[in-house]
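**Q** got a structure for you, letters missing:
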């Protein structure tokens, strides 16, 4: 099951890599929806139910946030995530996964692409820590790629254009 879990998260990594190379919020969220669905199965195969539930909820969240962003729904997803961790608590590492999920739920709610990217950056650092602690090497690579992809997208869409304007 370990090898299969790592293969699934490898595919999720490719989707993560693509996600932040899009400018449109909806395209970013569609890639993330697919990626976290695969990541949920990955965590289930590793018998990490808290992270699996959080990723399943995240997939539903990304799917919803492609089309709408109502504050009460964001809060409902946050409460659902907290409840899932309370019911599936494994170790204190579950708290790191919950923190990552809450930050990324807030990120998904952002209407501005820059805020979405910045909050995702913070949530990714939490997931990276989680994946190191549970020893899922390909998931560590996935979060690292996601982090680098996000940073590259930030550079392409926000930092480089400002630098070009300054040089002119």
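**A** Nice, I can see it. Quick caveat: nothing in here was measured; it's all calculated off a predicted structure.

**Q** which residues of this structure fall in helices?
**A** 2-19, 25-45, 49-67, 71-88, 93-109, 113-133, 137-154, 160-167 (DSSP state H).

**Q** mind listing what's buried along the fifth one?
**A** When you say that, I think you mean helix 93-109. 93-94, 96-109 (16 or more other CB atoms under 10 Å). Every residue, glycine included, has its C-beta placed from N, CA and C.

**Q** so which residues make contact with that helix?
**A** Contacts to helix 93-109, defined as CB atoms under 8 Å, 6 or more residues apart in numbering, come from residues 29, 50-51, 54, 57-58, 61-62, 65, 69, 71, 74, 77-78, 81-82, 85, 88, 115-120, 122-124, 126-127, 129-130, 133-134.

**Q** what of the third one?
**A** The set of residues that contact helix 49-67 without belonging to it, under CB under 8 Å, 6+ apart, is 26, 29-30, 32-33, 36-37, 39-44, 73, 77, 80-81, 84-85, 87-90, 94, 97-98, 100-101, 104-105, 108-109, 130, 134.

**Q** what do you get if the cut-off is 6 Å, keeping everything else the same?
**A** 26, 29-30, 32-33, 36-37, 39-40, 43-44, 77, 80-81, 84-85, 88, 90, 94, 97, 101, 105, 108 (CB atoms under 6 Å, 6 or more residues apart in numbering).

**Q** so where is the chain shaky, pLDDT-wise?
**A** Low-confidence segments of the chain, defined by pLDDT under 70: 20, 168.

**Q** can you rerun that using 50?
**A** Applying pLDDT under 50 to the chain flags no residue at all.

**Q** about what we covered before: filter the contacts of helix 49-67 down to just the buried residues.
**A** By 16+ other CB under 10 Å, the contacts of helix 49-67 give 29-30, 32-33, 36-37, 39-40, 43-44, 77, 80-81, 84-85, 88, 94, 97, 101, 105, 108 as buried.

**Q** of the contacts of helix 93-109, buried ones?
**A** Here, 16+ other CB under 10 Å leaves 29, 50-51, 54, 57-58, 61-62, 65, 74, 77-78, 81, 85, 88, 116-120, 123-124, 126-127, 129-130, 134 buried among the contacts of helix 93-109.

**Q** this completes my enquiry, with thanks.
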